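Student: quick check, what structure comes out for this input:
(one chain, ligands or ions: 1)
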Amino acid sequence: MTSSRSTRGVVVVNPVSGSGDHVDTVVEWAADRGLEPRPTERSGDARRIAREVAPDVDLVIAAGGDGTVNEVANGIVEATALDSTTLGVLPAGTGNNFATNIGVGSVEAAFDAIDRDRRRMLDLGLANDRAFVNSCVGGITAEASAATSPDEKASLGVLAYVRNTFEQLASYDAPPLSVDIGGGSADDGIDWQGEALFVFVGNARRFSGTRTAQANVEDGRFEVIVIGREPPSSLVGDAALERLFGRDDDAIVRRRTPSVRIACEDRSVGYSLDGEMLETERLELDVGPTSLSTIVGDPYDPDPDDT
Ligand SMILES: Nc1ncnc2c1ncn2[C@@H]1O[C@H](COP(=O)(O)OP(=O)(O)OP(=O)(O)O)[C@@H](O)[C@H]1O
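Tutor: Purely as a prediction, here's the structure:
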């Protein structure tokens, strides 16, 4: 070892994520490896702890769900430690979307991945002044996510989000959005305007296609899908959805792009960044100039389109 820095790591443990029964296992595992466990006490702690420790450690591990991972990633960004600190993920939340997308589908898989130490430089999403790793979702899905209580999540898991999305569809007041995807005047750019039911911006997460939920998270581009208020009636059934996601339509656009600008002139719109809410009239989304070093699991495929 050349320096003590390369051997030190911190595990930020969210004790209330998921079913909350991971704490003892994670703390014991961390102690066995000389990693320092740091439990959070309230919302925002994971970000603060990561910001404080990132300049001094090689590895910060988020033990929790997508919200905890998002906080730790933001802490590393705020510490300006992207070039020296790696993110690890121990999936101990409800959805664990990001962890699944990087091939660590369980706590045991994460233990194994961290021991193997396979590091990849992953794209980091920036939304105004906040970072996200998995996705930014606007519209009805974001509001359904915000309306999902911890109790519902505990009893229903991800199904709680699905149920709340359907419950809100009829009464949803779709915001009038202007969405500039990839620079409207660029060759493949488009300036979409309309009442939007859903805006999906995937970084590690893919929203279309059934082959894989993992997007290419090393290509410097988001996958963006906007679905307007009045999707055509042909949008019934999975096959029709698949077909439509492959091309543009008045009500659906899909692009891969490093930049998106979303504006709503008359109100704030709620967006879910990795499950954490952001309310804003204007949202600027960019793939960050610096990647996030991340420990990935065995099943992680850098190019899922090439299989
Ligand atoms: N000690 C704490 N007490 C209360 N809330 C906390 C504490 N530590 C973190 N939090 C908050 O807990 C919330 C939920 O955490 P997280 O998103 O990691 O888990 P989850 O919702 O179960 O999983 P997922 O997002 O993967 O579905 C986050 O908003 C986080 O800020």
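
Student: was I right about Gly105 contacting Gly95?
Tutor: No: between Gly105 and Gly95 there is no contact under C-beta atoms under 8 Å: 11.8 Å. C-beta here means a position set from N, CA and C on the backbone, and glycine is covered the same way.

Student: neighbour count for the two, which is higher?
Tutor: Higher neighbour count among Gly105 and Gly95: Gly95, with 21 against 15, using other C-beta atoms under 10 Å.

Student: surely Ile227 and Phe207 touch.
Tutor: No: between Ile227 and Phe207 there is no contact under C-beta under 8 Å: 9.8 Å.

Student: what about the two, which has more around it?
Tutor: The neighbour comparison of Ile227 against Phe207 (other C-beta under 10 Å) goes to Ile227, with 24 against 19.

Student: which strand or helix spans the closest residue in space to the more buried one that isn't next to it in sequence?
Tutor: Distances taken as C-beta to C-beta, 6 or more residues apart in numbering put Phe198 closest to Ile227, at 4.4 Å, once the chain neighbours are dropped. Using DSSP states H and E, Phe198 sits in strand 190-202.

Student: also Arg51?
Tutor: Here Arg51 sits within helix 45-53, counting by DSSP H and E.

Student: returning to that earlier point: burial of the residue nearest to Ile227, as a residue count?
Tutor: Neighbour count of Phe198, defined by other C-beta under 10 Å: 19.

Student: pLDDT weak spots in the stretch 101-250 of the chain?
Tutor: Counting by pLDDT under 70, the stretch 101-250 of the chain shows low-confidence ranges at 142-146, 150, 153-163, 166, 184-187, 208-212, 230-250.

Student: I'd like the distance between Thr25 and the ligand.
Tutor: Distance, Thr25 to the ligand, using C-beta to the nearest ligand atom, to the nearest Å: 16 Å.

Student: part of a helix, is that residue?
Tutor: Yes: membership of Thr25 in a helix is supported by DSSP: H, G, I helix; E, B strand; the rest coil.

Student: which one is it nearest to, not counting chain neighbours?
Tutor: Closest to Thr25 by C-beta to C-beta, 6+ apart is Val107, at 6.7 Å.

Student: and the strand holding Phe198, what other elements does it pack with?
Tutor: Here strand 190-202 touches strand 135-139, helix 140-146, strand 176-181, strand 222-228, strand 252-257, going by 3 or more C-beta pairs under 8 Å, 6 or more residues apart in numbering; DSSP states H and E.

Student: switch the ones you listed over to CSV; also include distance to Gly9.
Tutor: Shown next, in CSV, are the helices and strands packed on strand 190-202 (distance: least, C-beta to C-beta, whole Å):
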stretch, distance to Gly9
strand 135-139, 26
helix 140-146, 31
strand 176-181, 38
strand 222-228, 30
strand 252-257, 34
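
Student: stretch 265-276 near the ligand at all?
Tutor: Yes: using C-beta under 6 Å from any ligand atom, stretch 265-276 reaches the ligand at Gly275.

Student: chain center to that stretch, what's the gap?
Tutor: A distance of 14 Å separates the centroid of the chain from that of stretch 265-276, by C-alpha atoms, centre = their mean, to the nearest Å.

Student: may I see the buried residues of it?
Tutor: Residues of stretch 265-276 classed as buried by neighbour count (16 or more other C-beta atoms under 10 Å): 269-276.

Student: that one: end-to-end distance?
Tutor: Length of stretch 265-276, first residue to last, C-alpha to C-alpha, to the nearest Å: 23 Å.

Student: which other residues reach that stretch?
Tutor: By C-beta atoms under 8 Å, 6 or more residues apart in numbering, the surrounding residues in contact with stretch 265-276 are 65-67, 69-71, 95, 97-98, 125, 127, 130, 132-139, 141-143, 145-146, 175-178, 199, 262, 277-281, 283.

Student: are any of those buried, and which?
Tutor: Counted by 16+ other C-beta under 10 Å, the contacts of stretch 265-276 give 65-67, 69-71, 95, 97-98, 125, 127, 130, 132-139, 141-143, 145, 175, 177-178, 199, 262, 278, 280, 283 as buried.

Student: let me know which of the helices and strands packed on strand 190-202 is the nearest to the ligand.
Tutor: For the helices and strands packed on strand 190-202, the distance to the ligand is smallest for helix 140-146, at 8.9 Å, taking C-beta to the nearest ligand atom.

Student: in its sheet, what does the strand holding Phe198 sit against?
Tutor: strand 135-139 (antiparallel), strand 176-181 (antiparallel), strand 222-228 (antiparallel) (DSSP bridges).

Student: for the residue nearest to Thr25, give its distance to the ligand.
Tutor: Applying C-beta to the nearest ligand atom, the value for Val107 to the ligand is 13 Å.
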